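Trainee: Please work out how this folds:
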Amino acid sequence: MDRHQHQQRLRFLAGTRPFSPKTPNSLSTDQSRASPKISTQNLIFLESLFSRLAVSQDTQDLYSRYNSNISNGSVVNLNSFDGFALGGVDQAGFFTTQNNDIDTFGATRVQDFLRNSILAGSCSDLGTDSSVYSGAYQNPNFNDRRGLVQRESNYRSINDGLVYKNKNSWTRRPLGLQDYLSWEDLSGKVVALAKDPYGCKFLQKLIESATREQIDALFYEVIGYVGGLVVDPFGNYVVQKLVEVLSEEQRTMILRMLTRTDFQLVRICLNVHGTRAVQKLLYCITNPQQVSIVVSALSQGAVSLIKDSNGHHVIQHFLKYFSSEDNKYILKQVAENCFGIATNKSGCCVLQRCVEYSEGEARDRLLNEIIANALLLAEDHYGNYVVQHILKLKLPEITEKLLAQFEGSYMALSCNKYGSNVVECCLLTTRKEQSTQIIMELLRNPHSSMLLVDPFGNFVIQKALSVSQGQLQKYLLALIQRNAQMMRSNIYGQKVSPVLGYVLL
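Mentor: Here you go, the predicted structure:
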């Protein structure tokens, strides 16, 4: 090797070191060949090269598993480029994929969207004479996500279009997509754009002013992927916007795509994003054929949907906007699983809506199931709300049946955290003779004085005092006077003081 070649080799090796065999991601290279022997007399020369080239001599041991073309493990010192976010690119100049099976907007060849060399991964001028090879460069100050190098504190994601967070330095929004894309450019890219945060907004804006032909073109691009789009964090908004302007036939096609397999629509409704898209779809459909498709699909998993924090919104939407005839299959499932639904956080809300929107035989069956389980529901965390809801309807026949279920248990209910709420509701919503019967049952109980100092019973006594009159109220006052001393020394007994303060003085 002549002198000139030797100097060129030293320049190339400046700021590099061979891969360590201990490094998990290191390449399988011959370490003896990869590590040249540099004489001591060249150290000063190398140090000068380090300072001139801004290359770190103290390089890292971590190397990207995608970086197969970096000779001898060269690592560029990114500290000299503070203020820029470099996107990981592959050998063809593509951003690395971060989404399931379909590239997001940031993962597509950016030259096809934006005519910008920085976004396209061009990093030619980095302060060195040599070109930068493709691959991900590791730096302790940066996060590496599958080849994406990004400063955590200063930059948002690659999908933000390399937008710098400092509002005084870089623009806080990506370059206007509408300035670069025409309808012809969208061909084959709609699904990728729909899954991008800015791409989905761009598509929604296009849909607002699109012609019938353009809407049809968008529809036929997404119809094959609609099942994935409706559960995508961004794609679901595009689908929601699109269904507003589709024809009846096209909406039917979407419904068929979402119900191709058993429980497919149910699984979508259980998704936090899918539930929104399905609700929008339900709002837009009016065709009896479409309603039949939805009813058949949702009836398979109605109970699971009702008990789910996302799925119950779809059922409530269906109950509100569709007829009792359309809802009869769902109401049948609710009646058959009444207790389990009533004692569920989401289910108790749905059951109340079922009572409101049902009619005739379906409603009677629901009410009878609730009455049959009323005593257990009254003491349940969520079931007590269902019982209170029925009482507030003030249906004489139903109220009488409920009171019959509670007869002989008012004392126990009054001392229960949830049951006490039901007893108070009974006192407020029933007729005078019915509330009198409840209070007399409490007074006749040999342990009635315990209600005065009970954490929950004291509220029942307060409510009884407020609704009672005449001789009945005197009976309550007499009970309080006999136990005034006990009440004064008890934190719960003192709660009755604001109502009858003079008694406890």
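
Trainee: what about the protein, any weak spots by pLDDT?
Mentor: 1-2, 4-182, 497-505 (pLDDT under 70).

Trainee: Try it again at 80.
Mentor: When residues are selected by pLDDT under 80, those of the chain lie in 1-185, 489, 493, 495-505.

Trainee: where along it do the strands fall?
Mentor: Counting by DSSP state E, the chain has these strands, from start to end: 143-145, 148-150.

Trainee: Restricting to C-alpha, output stretch 483-500 in PDB.
Mentor: Output in PDB follows, covering the C-alpha atoms of stretch 483-500 (Å, rounded to 0.1, in the frame of the first residue of the first chain):
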ATOM      1  CA  ASN A 483     -81.800   8.300  72.200                       C
ATOM      2  CA  ALA A 484     -80.600  11.900  72.200                       C
ATOM      3  CA  GLN A 485     -77.600  11.200  74.500                       C
ATOM      4  CA  MET A 486     -76.400   8.400  72.400                       C
ATOM      5  CA  MET A 487     -76.800  10.500  69.200                       C
ATOM      6  CA  ARG A 488     -74.800  13.400  70.700                       C
ATOM      7  CA  SER A 489     -71.800  11.200  71.200                       C
ATOM      8  CA  ASN A 490     -71.900   9.600  67.800                       C
ATOM      9  CA  ILE A 491     -70.700  11.200  64.600                       C
ATOM     10  CA  TYR A 492     -73.600   9.800  62.600                       C
ATOM     11  CA  GLY A 493     -76.200  10.600  65.200                       C
ATOM     12  CA  GLN A 494     -75.000  14.200  65.000                       C
ATOM     13  CA  LYS A 495     -76.000  14.300  61.300                       C
ATOM     14  CA  VAL A 496     -79.600  14.400  62.400                       C
ATOM     15  CA  SER A 497     -78.900  17.700  64.400                       C
ATOM     16  CA  PRO A 498     -79.400  20.000  61.400                       C
ATOM     17  CA  VAL A 499     -82.900  18.700  61.000                       C
ATOM     18  CA  LEU A 500     -83.900  18.700  64.700                       C
END
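
Trainee: Give me the buried positions along that stretch.
Mentor: Of the residues in stretch 483-500, N483, A484, M487, N490, Y492, G493, K495, V496, L500 count as buried by neighbour count, 16 or more other Cβ atoms under 10 Å. (Glycine included, C-beta is placed from N, CA and C.)

Trainee: Repeat that for stretch 280-291.
Mentor: Neighbour-count burial for stretch 280-291, counted by 16+ other Cβ under 10 Å, picks out K280, L281, L282, C284, I285, Q290, V291.

Trainee: quick one: which of those is nearest N384?
Mentor: Of all those, L282 has the smallest distance to N384: 30.7 Å, by Cβ to Cβ.

Trainee: what about that closest one, distance to V291?
Mentor: Distance of L282 to V291, given as Cβ to Cβ, to the nearest Å: 9 Å.

Trainee: Quickly list what's touching both of the two.
Mentor: Both L282 and V291 are in contact with F322, where contact means Cβ atoms under 8 Å, 6 or more residues apart in numbering.

Trainee: I'd like to know how many residues surround I438.
Mentor: By the criterion of other Cβ atoms under 10 Å, I438 has 21 neighbours.

Trainee: I should have written R363 there, sorry.
Mentor: When neighbours are counted by other Cβ under 10 Å, R363 registers 17.

Trainee: in terms of contact, does Q316 touch R353 like I think?
Mentor: Yes - with contacts counted by Cβ atoms under 8 Å, Q316 reaches R353, the gap being 5.3 Å.

Trainee: contacting residues around V294?
Mentor: L255, T259, L265, L282, I285, F318.

Trainee: on that earlier part again, closest to Q469 among the buried residues of stretch 280-291?
Mentor: When the buried residues of stretch 280-291 are compared for distance to Q469 (Cβ to Cβ), L282 wins out at 50.6 Å.

Trainee: do you know how far the closest residue to that closest one other than its chain neighbours is from Q352?
Mentor: Once flanking residues are discounted, L282 sits nearest to H317: 5.5 Å by Cβ to Cβ, 6 or more residues apart in numbering. For H317, the distance to Q352 equals 15 Å [Cβ to Cβ].

Trainee: now G493
Mentor: Per Cβ to Cβ, G493 is found 35 Å from Q352.

Trainee: now H312
Mentor: For H312, the distance to Q352 equals 11 Å [Cβ to Cβ].

Trainee: Equivalent analysis for R3, please.
Mentor: Taken as Cβ to Cβ, the span from R3 to Q352 is 90 Å.

Trainee: Compare those two (neighbour count), which wins?
Mentor: A count of neighbours by other Cβ under 10 Å puts Q352 above the other of R3 and Q352, at 19 against 7.

Trainee: V423 reaches E441, doesn't it?
Mentor: No - using Cβ under 8 Å, V423 is not in contact with E441, being 10.3 Å away.

Trainee: Give me the common contacts of these two.
Mentor: Residues touching both V423 and E441 (Cβ under 8 Å, 6+ apart): Y410.

Trainee: More neighbours: which of these two?
Mentor: More crowded of V423 and E441, by other Cβ under 10 Å: V423, with 27 against 17.

Trainee: which residues sit in contact with the more buried one?
Mentor: F406, Y410, L413, S414, I438, V460, K463.

Trainee: How is this structure partitioned into domains?
Mentor: Per the record, the chain has its domains at 1-174, 407-505, by automatic domain parsing.

Trainee: What's the end-to-end length of stretch 238-247?
Mentor: Using Cα to Cα, to the nearest Å, one end of stretch 238-247 lies 16 Å from the other.

Trainee: Provide the contact partners of that stretch at residue level.
Mentor: For stretch 238-247, contacts defined as Cβ under 8 Å, 6+ apart pick out 194, 200, 203-204, 207-208, 210, 215, 218-219, 222, 226, 229-230, 251, 254, 276-277, 280-281, 284.

Trainee: Can I have the buried ones of those residues as a PyMOL selection?
Mentor: PyMOL command restricting the contacts of stretch 238-247 to the buried ones, with burial defined by 16+ other Cβ under 10 Å:
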select buried, resi 194+200+203+204+207+210+215+218+219+222+226+229+230+251+254+276+277+280+281+284
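
Trainee: re the thing from before, thought the residue nearest to L282 was touching Q279?
Mentor: Yes - using Cβ under 8 Å, H317 makes contact with Q279 at a distance of 4.8 Å.

Trainee: Which ones among the contacts of V294 map onto helices?
Mentor: The helices, defined by DSSP state H, take in L255, L265, L282, F318 from the contacts of V294.

Trainee: could you dump the residues you listed to JSON lines with distance to D308?
Mentor: As requested, those are exported to JSON lines (distance: Cβ to Cβ, whole Å):
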{"residue": "L255", "distance to D308": "21"}
{"residue": "L265", "distance to D308": "13"}
{"residue": "L282", "distance to D308": "16"}
{"residue": "F318", "distance to D308": "14"}
